[in-house]
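**Student:** Following is a predicted model, sequence given first.
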Amino acid sequence: MRRLALVCCGLLSFVAACATGGGDGAAPGAAPGNTPADTNVGTGFVDVADLTDPPIPHHFTAPPKALEGRLALRANGCVTVVVDGVERMPLWPAGSEVVQESITPNRYAVTLPGGTRLVVSEATADTFTARGIVDDNPDPFEVEAGLPTKISTFLAFCGVTAAPVAFPDAATFTVRKT
């Protein structure tokens, strides 16, 4: 019962942070050093550093390969990518930021380490090529059965059913603006 209460409490805190865009600079479950200092940035995204805190082995084990993608935006504010016609949740390079730039129209910017920016709105979406890894493991992102991690909580909130895709190296991105 205690574990269920902790899971529910964690999920509600995460959803509230996503919905309000609020962040405290050290979101629970965020890997050290990957949460921007800007307190206006929420925890509404995951990056590859989230695979290490807590350690989640056996996911994304294939070597990275060249992928072509397009940003997409869900009604709940989740920024996704479409790779080979399949919508996937991205794990951005460590140190990336995803920020809502405007509400009307909804517009989000993904800023990668090194300054590369990708932008998506209700009307337009940048396309890109980058080296990435589509997850090859159907197991949940859990350290202990039934105890969600930041990644599993975020995947559940966004509701994308296809396997996520990780982009470990920001230097491999080439962006085509729309």
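**Tutor:** Arrived safely. Residues are numbered from 1 along each chain as shown.
**Student:** residue ranges with poor pLDDT in the chain?
**Tutor:** Per-residue confidence for the chain (pLDDT under 70) gives these ranges: 1-43.
**Student:** mind listing the strands for it?
**Tutor:** 46-47, 65-73, 79-83, 86-88, 90-92, 97-102, 107-111, 117-121, 127-134, 142-144, 147-148, 165-166, 174-176 (DSSP state E).
**Student:** quick one: which of the ones you listed is nearest Cys158?
**Tutor:** Across those, Cys158 has its closest neighbour in strand 79-83 (7.0 Å, CB to CB). Glycine gets a C-beta too; all of them are placed from N, C-alpha and C.
**Student:** Can you spell out which helices and strands pack onto that closest one?
**Tutor:** Judged by 3 or more CB pairs under 8 Å, 6 or more residues apart in numbering; DSSP states H and E, the packing partners of strand 79-83 are strand 65-73, strand 86-88, strand 90-92.
**Student:** wait, what's in contact with Phe141?
**Tutor:** Ile56, His59, Pro148, Thr149, Ile151, Ser152, Leu155 (CB atoms under 8 Å, 6 or more residues apart in numbering).
**Student:** likewise Leu155?
**Tutor:** Met89, Phe141, Pro164.
**Student:** Pretty sure the last one sits against Pro90.
**Tutor:** The one in question is Pro164. Yes - Pro164 is within contact range of Pro90, at 7.0 Å (criterion: CB atoms under 8 Å).
**Student:** Looking at those two now, which is surrounded by more residues?
**Tutor:** More crowded of Pro164 and Pro90, by other CB atoms under 10 Å: Pro90, with 27 against 22.
**Student:** Now that one. Nearest residue, chain neighbours left out?
**Tutor:** The spatial neighbour of Pro90 that comes closest, neighbours along the chain excluded (CB to CB, 6 or more residues apart in numbering), is Val81 at 4.8 Å.
**Student:** do Ile151 as well
**Tutor:** That would be Phe141: by CB to CB, 6+ apart, it lies 4.2 Å from Ile151.
**Student:** any idea how far Thr116 is from the one you found?
**Tutor:** 26 Å (CB to CB, to the nearest Å).
**Student:** and what of Val110?
**Tutor:** Val110 is 9 Å from Thr116, by CB to CB.
**Student:** How about Val175?
**Tutor:** Noted for Val175: a distance of 6 Å to Thr116, by CB to CB.
**Student:** Equivalent analysis for Ile133, please.
**Tutor:** From Ile133 to Thr116 the distance is 19 Å (CB to CB).
**Student:** and what of Pro57?
**Tutor:** Taking CB to CB, one finds Pro57 at 29 Å from Thr116.
**Student:** what about the two, which has more around it?
**Tutor:** Thr116 (18 against 10).
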